[in-house]
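Q: let me see the structure of the following:
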Amino acid sequence: MEQCPICFEELIVQDCAPCDDCGHHPEELEHFKQNLHTYKTYEIYKGLRLTLCNFCEVDFGSYKSEYLGFKKGRRLGFQNFSFIQDIRSPQITKDKVCLNCSHRLKFLKFLSDIRLLNEND
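A: Numbering: from 1, shown residues only. Okay, here's the model as predicted:
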């Protein structure tokens, strides 16, 4: 995929920490090197999965309902997640990032998918 699935800007490749939400931020890469965070994979909503750091998992509820495609003010937070697994040997990997949306491709795909699921609700 060469373009962002949300805004269609060109994606760039860069190093990312395991968190699908904040892993592309330079600050999170530094936190990874300092072993400040743990990482877990969760089923977030209707089969959609994300790997999140221990900060993003509790902060996830700060996303506005409209941003995730929900109507009627529904919020999605940590209490709604189903634990899948701990990431025992986290690694820095390459991923594509949209500088316009400020997210990595894994999160952008999640965002596109959850909006599509909520389109008819």
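Q: going forward, measure contacts and count neighbours with C-alpha atoms only.
A: Noted.
Q: now do the contacts for the residue positioned nearest the centre of the chain.
A: Centroid-nearest residue in the chain, with Cα atoms, centre = their mean: D21, separated by 3.1 Å. Residues near D21 by Cα atoms under 8 Å, 6 or more residues apart in numbering: 51-52, 56, 103-104, 107.
Q: show residues contacting stretch 72-85.
A: Here stretch 72-85 has contacts from 40-45, 57-66, using Cα under 8 Å, 6+ apart.
Q: isn't L11 right up against C101?
A: No: applying Cα atoms under 8 Å as the test, L11 and C101 come out as separate, 10.1 Å apart.
Q: when these two are compared, which one has more neighbours?
A: Between L11 and C101, counting by other Cα atoms under 10 Å, L11 is the more crowded of the two (20 against 13).
Q: in the chain, which spans are helices?
A: 26-33, 54-59, 105-118 (DSSP state H).
Q: out of those helices, indicate the one that is most buried.
A: Per residue and on average, the most neighbours among the helices of the chain fall to helix 105-118, with a mean of 18 (mean count of other Cα atoms under 10 Å).
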